[in-house]
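J.: got a structure for you, letters missing:
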């Protein structure tokens, strides 16, 4: 009985940690220069930001522009497109820890824990001091373990 209560508390805790991480990602990316249009004050989650990112990529197909496009797609719940855009960023710059971190989070969103763990581990190989990736890795590992426990219990 107590073990079930502890598991329930842990699940709630991980849910809230996940929400905090998402909010942190939004603040991190809002705080970074937006290579699409530094003077634009509109939120990055609008479909307009997708169009701006696509236009920016047409004229300047940089890894940063693809990362921005991926984030815009993610904020519109277009996770598969976010993954595709972020993978393009990684093809351009295979040492971009932000791209791998975002990719890992997108996989977390899809509950593809192994892929998420792989992406976060890659971030930490590139930049061992990337605290957000370390926390995201912990979340992915915990989510995978919790899912495995649920499967075993059923």
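T.: Good, I have the coordinates. Because the structure is predicted, anything quoted here is derived from the model rather than measured.

J.: now do the same for the residue nearest to residue 88 when sequence neighbours are not counted: its pLDDT.
T.: Nearest residue to residue 88 in three dimensions, chain neighbours excluded: residue 66, at 4.5 Å (C-beta to C-beta, 6 or more residues apart in numbering). The C-beta positions use only the backbone N, C-alpha and C, and glycine is treated the same way. Residue 66 is assigned 97 on the pLDDT scale.

J.: repeat for residue 72
T.: Looking at residue 72, its pLDDT is 95.

J.: ditto for the one 4 residues further on
T.: Per-residue confidence (pLDDT) for residue 76: 92.

J.: I'd say it and residue 53 touch.
T.: No - taking contacts as C-beta atoms under 8 Å, residue 76 lies outside contact range of residue 53: 11.2 Å.

J.: these two: who's more crowded?
T.: Legend: neighbour count by other C-beta atoms under 10 Å for residue 76 and residue 53, higher for residue 53 (25 against 15).

J.: what sits against that one?
T.: Going by C-beta atoms under 8 Å, 6 or more residues apart in numbering, residue 53 touches 36, 65, 68-69, 72, 85.

J.: show me these that map onto helices.
T.: 65, 68-69, 72, 85 (DSSP state H).

J.: how about CSV for those residues, with neighbour count and distance to residue 146 added?
T.: Below are the ones in helices among the contacts of residue 53 laid out as CSV (neighbours: other C-beta atoms under 10 Å; distance: C-beta to C-beta, whole Å):
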residue, neighbour count, distance to residue 146
65, 25, 36
68, 27, 32
69, 25, 32
72, 28, 30
85, 28, 29
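
J.: contacting residues around the residue nearest to residue 88?
T.: By C-beta under 8 Å, 6+ apart, residue 66 lies in contact with 57, 85-86, 88-89, 92, 99.

J.: which of those are buried?
T.: By neighbour count, with 16 or more other C-beta atoms under 10 Å, the contacts of residue 66 hold 57, 85-86, 88-89, 99 as buried.

J.: and those residues, which is closest to residue 121?
T.: Nearest to residue 121 among these is residue 99, at 14.2 Å by C-beta to C-beta.

J.: per-residue confidence for that closest one?
T.: Value for residue 99, per-residue pLDDT: 98.

J.: tell me who's in contact with it.
T.: 63, 66-67, 70, 86, 89-90, 93.
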